[in-house]
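# build the 3D model from these lines:
(chains A and B)
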Amino acid sequence: MTATVDAPAAEVGRARLRKEDAKLITGQTNWTDNIRLPGMLHMAFVRSPFAHAKITRVDLSGALAQPGVIAAFSGADLAAEQGSLPCAWPVTPDIVIPPHPPMAVDEVRYVGEAVAVVVARDRYAAADAVAHVDVDYDPLPPVLDIRTALDEGSPKVHEAGNKSYEWVFANGDTDAAFRDAPVVLERKYRQQRLIPCAMEPRSVVAQWVGEQVTLWSATQIPHVLRFALAAFFGIPEQDVRVIAPDVGGGFGSKLQVTAEEVLAVLVGRRVGKPVKWTESRSEGNMTVHHGRDQWQTIRIAADADGRIRGLEVDLLADMGAYLMLVTPGIPLLGAFMFPAIYKMDAYSFKCTGVFTTKMPTDAYRGAGRPEATYAIERIMDELAVELGVDPLELRARNWIRHEEFPFTTICGLTYDSGNYEAATARAKEIFDYDGLRREQAERAARGDKVRLGIGISTFTEMCGLAPSRVLGSLSYGAGGWEHASIRMLPTGKVEVVTGSSAHGQGHETAWSQIVSDQLGIPFEDIRVLHGDTQISPKGMDTYGSRSLAVGGLALVQACDKVVAKAKVIAAAMLEASADDLEFSAGKFSVRGDPEASKSMQEIALATFAAHALPDGVEPSLDSDATYDPDNFSFPHGTHLCATEVDTETGFVQIRSYVAVDDVGVVVNPLIVEGQVHGGIAQGVAQALYEDGVYDDDGNLVTATLADYLVPAAPDLPSYQTSRTESPAGNRLGVKGVGEAGTIASTPAVVNAVVDALRPFGVHDITMPCSPERVWRALQSGNGGQA
Amino acid sequence: MTHITVTVDGVKYADQVEPRLLLVHYLRETVGKTGTPIGCDTSNCGACTVLMDGVSVKSCAVLAVQADGSDITTIEGLSNGGLTPLQRAFHEEHALQCGYCTPGMIIAATDLLRDNPHPTDEEIRDGLEGNLCRCTGYENIVRAVRRAAQAGVSE
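This is a model prediction of the structure:
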């Protein structure tokens, strides 16, 4: 693949320290929960203790009698105005999208669903008063297991039944591929339910002034939220301003239009005062959308030499009780990723979306792609064992060779660039693959009680969401463009306005680097603005590793327009023809006469003065641009993990972890490495620690951070990272990186654990691979689906 | 209501508080020290860590009345102008992304280095076990603490 990449640059590629840090390391921050407005009231929610029940009575009088309580509302009180929370991704024409009132009116369908709200003068008074709301419930049977929820006779979550949709995709003749195939393997894998746990809990402040409302929210999507408030809740769009102040992480969990955001707006209007709500962690674990939760059946057919003939995937995906913003689409993002980096003749995919009486699922770091990558990378290891081939060798026999790019996969995606050979070779070398294999054999030979396992993940993913036309073809309710504008200030400094909405990603730094190169303005002279729909009126926000691969390209387009405008004015200032000017390092100079030049700063000031602009030239260098990509972004890499597994206790220790990622051209290596580290950690967390568990009554038993094991520093290894660079087919050559580590690491870790225990007859362990599960797998030696 | 006198970041405050008021709410809402955030309700995450008479405490697990007469240092008052070696090291090693855990992490690391000025990487990880970070995977946090330790000052 040859990509046209702009000339080497001064800033792009530099490990610039972040502009964001100064305030964050000194506590000068602006989290939503910090906001205090005159007269501000506090909301607290009464939440359902039942997974499924009819609400027969809500009595607010006890709460209203409490000191400091100003108002209280039930779902019935708000029924006329609260509408239904939106689902923007109706994946099939006949999908069942049940009504989803922000506050339950007559039936609750998961523990934690809001049934009433109390408004009081301070947060303690509001919390106290919750206990004085009297709600009568008539319990109904919960629906908790998607494997039986579609059985005849299963209790129903909704009137229409427990099936939301069935979505299929097929290409090639899978029957032919599987018929007479020398090797066919079928495996079932469990993607456990995960709780995102961004460190900043959700928080909302709503303030009405006349007909206009301002909503501050710890959200990833201020622009989408503004649109949703207008489109689905009847507030004229021009009257809605959404501000995402400093936002403390999201990982997809803040890519949502939440009940609490909508209710803050509605309640604020009712009480005529600003209202605020900040969740507690245990409230958040129950009511921030969850991730994953699938049962996967995957079948692979191969020739005797390991060449893949076909792949079949059948998913059951737990939607939870309702379809939220992109709930049904998450498995589809994985649908195209099961074939991964491999060539094959045929592929078929089916996903059934199933309702349960649990918190809805939705986007969580990787969103569909970690699930797919896990299944394919796990079964590739199983196939290697079946054939007696080294698992890296098996992959090499099947992957797309570097000279074959651009390559159109069995799913119809065109991978623009990649070099799996190079990334794998680099990873093997850093990891000392051969040395570790020798040690593994030695330990097995001497019957060491601590066994070594080696896990592999040669992953790719599709990100940079996304070409609008492709999203349209998948029935997604919006486009995938991004917007940027450049404001040239009279003193030659620059304000960059971006429609992507960072919450830890480092846009202020990386965007400054890109614009610095494009305009020749010093890094320090650039300020990046985002996250306020009045400052940044257009945007599609931050998720799906899209900010750089889409928003970064919008910046480049906006800069082009500034340069084009400046050129005309420079030509007038230099009394030269614009055609004779060249632009380099922030200066226009006359070709052949380098002394005759004007800097961007001089042009900015002359434009501000506007004394001598040519006829018909407006006195502004400012620009707007909206970029819509024509393809996804396809980062890839090879991750290798070595685990030491204590066969007496089941304890798993990651001994080394090597990640070689290819994310195309790197704007800031420091930020990219940080994204890889954090991504790996979240994938390791799924492999070893985290599990969102409901009991048989539908109570979330992992509602606190004491029960839900977000790993701490001693639980995670040190990572060795490196990169290869296959530029993407866009002007910056960049790919996404935000989710890559998470997508890659889960199968690498589990493959390593299973690899250590194969001599004991273990061929699978259900995640998370806790000491108990590993120990039980060892005792049974039958796959450990304990 | 109970009368308390607390020194926060070098300034003495006298307030009437409910006996049940958490120190972190006192700091954030009464004193206005919003640099100290809250990340959980079970004292697991450590985001709200402050120094109480020089020792790190999770301020969600301390009542404001228990802090009566004590000297509290938050992230906002950690340095007397400029940055401490740990704050500088967190910046230089890119040991923060969203930054929400950072105040607690820096305070906890300050106490760790006071206790053990030359920790091994393992001691750093163990010493910060009570502070959760969701963004960094801890790698650069360990590097930052190591770097600050090598600078030889924990202040």
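# the longest helix along chain B: which residues count as buried?
The longest helix of chain B (DSSP state H) is helix B:102-115. Under the neighbour-count criterion of 16 or more other CB atoms under 10 Å in any protein chain shown, helix B:102-115 has B:102, B:103, B:104, B:105, B:106, B:107, B:108, B:109, B:110, B:111, B:112, B:113 buried. Yep, even glycine has a C-beta here, placed from its N, CA and C like the rest.
# contact partners for the closest residue to residue B:141 other than its chain neighbours?
The shortest distance from residue B:141 to any non-neighbouring residue, by CB to CB, 6 or more residues apart in numbering or on different chains, is to residue B:95 (4.6 Å). When contacts are counted by CB atoms under 8 Å, 6 or more residues apart in numbering or on different chains, residue B:95 touches B:89, B:102, B:105, B:136, B:140, B:141, B:143, B:144.
# would you mind giving the residues you listed as a markdown table with secondary structure added?
Shown next, in a markdown table, are these (DSSP: H, G, I helix; E, B strand; the rest coil):
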| residue | secondary structure |
| --- | --- |
| B:89 | helix |
| B:102 | helix |
| B:105 | helix |
| B:136 | coil |
| B:140 | helix |
| B:141 | helix |
| B:143 | helix |
| B:144 | helix |
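# which of the residues you listed are buried? Put it as a ChimeraX command.
A single ChimeraX command is used to select the members of the contacts of residue B:95 judged buried by 16+ other CB under 10 Å:
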select /B:89,102,105,136,140,141,143,144
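# report the separation between residue B:1 and residue B:12.
From residue B:1 across to residue B:12, the span is 19 Å (CB to CB, to the nearest Å).
# correction: the previous question concerned residue A:472.
63 Å.
# and these two? Which one has more around it.
Between residue A:472 and residue B:12, counted using other CB atoms under 10 Å in any protein chain shown, the more crowded position is residue A:472 (13 against 9).
# what's the neighbour count on the closest residue to that one other than its chain neighbours?
In space, residue A:472 comes closest to residue A:479 once its chain neighbours are excluded; the distance is 7.7 Å by CB to CB, 6+ apart. Counted with other CB under 10 Å, residues neighbouring residue A:479 total 15.
# likewise for residue A:274?
Using other CB under 10 Å, residue A:274 is surrounded by 21 other residues.
# how about it, what does it touch?
Taking CB under 8 Å, 6+ apart as the criterion, residue A:274 is in contact with A:37, A:38, A:39, A:40, A:41, A:205, A:206, A:207, A:208, A:268.
# quick one: classify the closest residue to chain B within the stretch 151-300 of chain A as helix, strand or coil.
Of all residues in the stretch 151-300 of chain A, the one sitting closest to chain B is residue A:248 (3.1 Å; CB to the nearest CB). In three-state terms, and counting by three-state DSSP, residue A:248 is coil.
# what's the local residue count around residue 121?
Just so you know, I chose chain A. Neighbours of residue A:121 under the rule other CB under 10 Å: 16.
# was after chain B, sorry
Quick note: residue B:121 (other CB under 10 Å) scores 13 neighbours.
# I'd say it and residue A:718 touch.
Yes - proximity of residue B:121 to residue A:718 meets the contact threshold set by CB atoms under 8 Å, at 7.2 Å.
# between those two, what contacts are shared?
Counting by CB under 8 Å, 6+ apart, the residues touching both residue B:121 and residue A:718 are residue B:142.
# low-confidence ranges in the chain?
Going with chain A. A:1-9, A:782-786 (pLDDT under 70).
# chain B was what I was after
B:153-155.
# in it, which residue sits closest to chain A?
Here chain B gets closest to chain A at one residue, residue B:35, 2.0 Å apart by CB to the nearest CB.
# that residue against residue A:28, yeah?
Yes - proximity of residue B:35 to residue A:28 meets the contact threshold set by CB under 8 Å, at 6.6 Å.
# settle it for me: which of the two has more neighbours?
Remark: of residue B:35 and residue A:28, residue B:35 carries more neighbours, 25 against 13, as counted by other CB under 10 Å.
# quick one: that one is in a strand?
No - remark: residue B:35 does not belong to a strand; assigned using three-state DSSP, it is coil.
# tell me who's in contact with it.
A:26, A:27, A:28, A:29, B:74, B:75, B:76, B:103.
# which stretches of chain B form helices?
Using DSSP H, helices in chain B cover B:23-25, B:85-92, B:102-115, B:121-127, B:139-150.
# in CSV: those helices, plus distance to residue A:397.
Compiled in CSV, these are given as follows (distance: least, CB to CB, whole Å):
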stretch, distance to residue A:397
helix B:23-25, 57
helix B:85-92, 45
helix B:102-115, 46
helix B:121-127, 39
helix B:139-150, 34
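# and the ones you listed: which comes nearest residue A:174?
Across these, residue A:174 has its closest neighbour in helix B:139-150 (42.4 Å, CB to CB).
# from the contact counts, what lies against the closest one?
helix A:669-688, helix B:85-92, helix B:102-115, helix B:121-127 (3 or more CB pairs under 8 Å, 6 or more residues apart in numbering or on different chains; DSSP states H and E).
# kindly export it (C-alpha atoms) in CSV.
Taking C-alpha atoms only, helix B:139-150 is exported to CSV below (Å, rounded to 0.1, in the frame of the first residue of the first chain):
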residue,chain,number,x,y,z
GLU,B,139,2.6,1.7,33.8
ASN,B,140,3.3,5.4,33.6
ILE,B,141,2.2,6.0,37.2
VAL,B,142,4.9,3.6,38.3
ARG,B,143,7.4,5.3,36.1
ALA,B,144,6.4,8.7,37.5
VAL,B,145,6.8,7.7,41.1
ARG,B,146,10.1,6.0,40.3
ARG,B,147,11.2,9.2,38.6
ALA,B,148,10.2,11.4,41.5
ALA,B,149,12.0,9.0,43.9
GLN,B,150,15.1,9.2,41.8
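# helix or strand for residue A:166, which one?
Per DSSP states H and E: residue A:166 is located in strand A:163-171.
# note down every partner strand of that strand and its orientation.
Sheet pairing for strand A:163-171, assigned by DSSP bridges, gives strand A:346-355 (antiparallel).
# what's the offset of the partner strand from the middle of its chain?
Chain-centre distance of strand A:346-355: 21 Å, with CA atoms, centre = their mean, to the nearest Å.
# filter the buried residues of helix B:102-115 down to the ones near chain A?
B:102, B:103, B:106 (CB under 8 Å from any CB of the partner chain).
# nearest to residue B:21 among these?
Of all those, residue B:103 has the smallest distance to residue B:21: 20.0 Å, by CB to CB.
# that closest one touches residue B:73, doesn't it?
No - applying CB under 8 Å, one finds residue B:103 not in contact with residue B:73, separated by 11.1 Å.
# tally of neighbours for residue A:615?
By other CB under 10 Å, the residues close to residue A:615 number 5.
# for residue A:118, see how far away residue A:721 is.
Taking CB to CB as the measure, residue A:721 falls 49 Å from residue A:118.
# the two: who's more crowded?
Applying other CB under 10 Å to residue A:721 and residue A:118 shows that residue A:118 carries more neighbours, namely 30 against 21.
# doesn't the more buried one fall inside a strand?
Yes - counting by three-state DSSP, residue A:118 is part of a strand.
# bridged to it, which residues?
Counting by DSSP bridges, residue A:118 forms beta bridges with residue A:44, residue A:72.
# surely it and residue A:44 touch.
Yes - counting by CB under 8 Å, residue A:118 sits close enough to residue A:44 to count as a contact (5.1 Å).
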